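Participant: I would like the atomic coordinates for the input below:
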Amino acid sequence: MLKGTTIVGVQGANEVALAGDGQVTLGNGLIMKSTARKIRRLYHDQVLAGFAGSVADAMTLFEKFEGRIDEYRGNLPRAAVELAKEWRTDRVLRRLEALLIVADASHLLVVSGAGEVIEPDEGVTAVGSGAGYALAAARVLSRHTPMTPSDIARAALEAAAEICIYTNTHIAVESLDRDTQ
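Facilitator: Prediction:
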C-alpha cells in the first residue's frame, strides 16, 4: 500500500493556507516519489483540497468532492457534509483509506470516511503521518508569532519533516485570500 504524507491547514484573519509534502512511501520505508502534489485548487480556484492516505483512494475522493462542490455551487460546508454522508454509507467508498482537508476563504474542514466533518479549533488542522508534529508546530506558531498562515503551514511541515520518516521537505503551499474571494 502506498502511504505517507502530511497535510496542514491554517486559517487566519485574511488568509487560509494548505501545505503538503511530496513523499509517497511504499511499505515500510521505500520512497516511491518525493515530489507528489497533494494539494489541489477546485471550483474556479475558490476551494483548496489536500489529502493524506492511499493515493488511489484520495484521487477517488477528490473526484467525488469536486462533483459535490460543483453541485452545491461552491458551498463548502454543504459539499463536505454530503461527501461525508456518501463516503460513510457507500459500500465501496467506505473502504477508502484517506482523509481530506478542504478550505475556502471562510472555512477550514477535515472530512473523514467515518462521516465526520470537523471544523478545527483555533483554525489549525493536520492529517497524515506527521499530523501530530505539524499540528503542534502550527498551533504554537499561530499563537505566538505574527507569521502568515502560508508561512506557518510551511514551517509546521518543515518541523514535521525533521521528525516523521513519511514526511519530506518538498513542500507545496496553496492559499486563498479573503479579500479576493
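
Participant: residue contacts, the nearest residue to Ser54 once chain neighbours are set aside?
Facilitator: Nearest residue to Ser54 in three dimensions, chain neighbours excluded: Glu97, at 4.6 Å (Cβ to Cβ, 6 or more residues apart in numbering). (Glycine included, C-beta is placed from N, CA and C.) Going by Cβ atoms under 8 Å, 6 or more residues apart in numbering, Glu97 touches Met1, Gly53, Ser54, Asp57, Gly113.

Participant: again, but for Arg68
Facilitator: Contact analysis of Arg68 by Cβ under 8 Å, 6+ apart lists Ala79, Ala80, Glu82, Leu83, Glu86.

Participant: how about 7 Å then?
Facilitator: By Cβ atoms under 7 Å, 6 or more residues apart in numbering, the residues touching Arg68 are Ala79, Glu82, Leu83.

Participant: now name the helix or strand holding the residue lying closest to it once chain neighbours are set aside.
Facilitator: With sequence-adjacent residues excluded and distances taken as Cβ to Cβ, 6+ apart, Arg68 is closest to Ala79, at 4.0 Å. According to DSSP states H and E, Ala79 maps onto helix 76-89.

Participant: list the helices and strands the helix or strand following that helix packs on?
Facilitator: For helix 76-89, the following helix or strand on the C-terminal side (DSSP H and E) is strand 98-103. Under the contact definition 3 or more Cβ pairs under 7 Å, 6 or more residues apart in numbering; DSSP states H and E, strand 98-103 sits against strand 6-11, strand 15-20, strand 47-53, helix 55-71, strand 108-111, strand 124-128.
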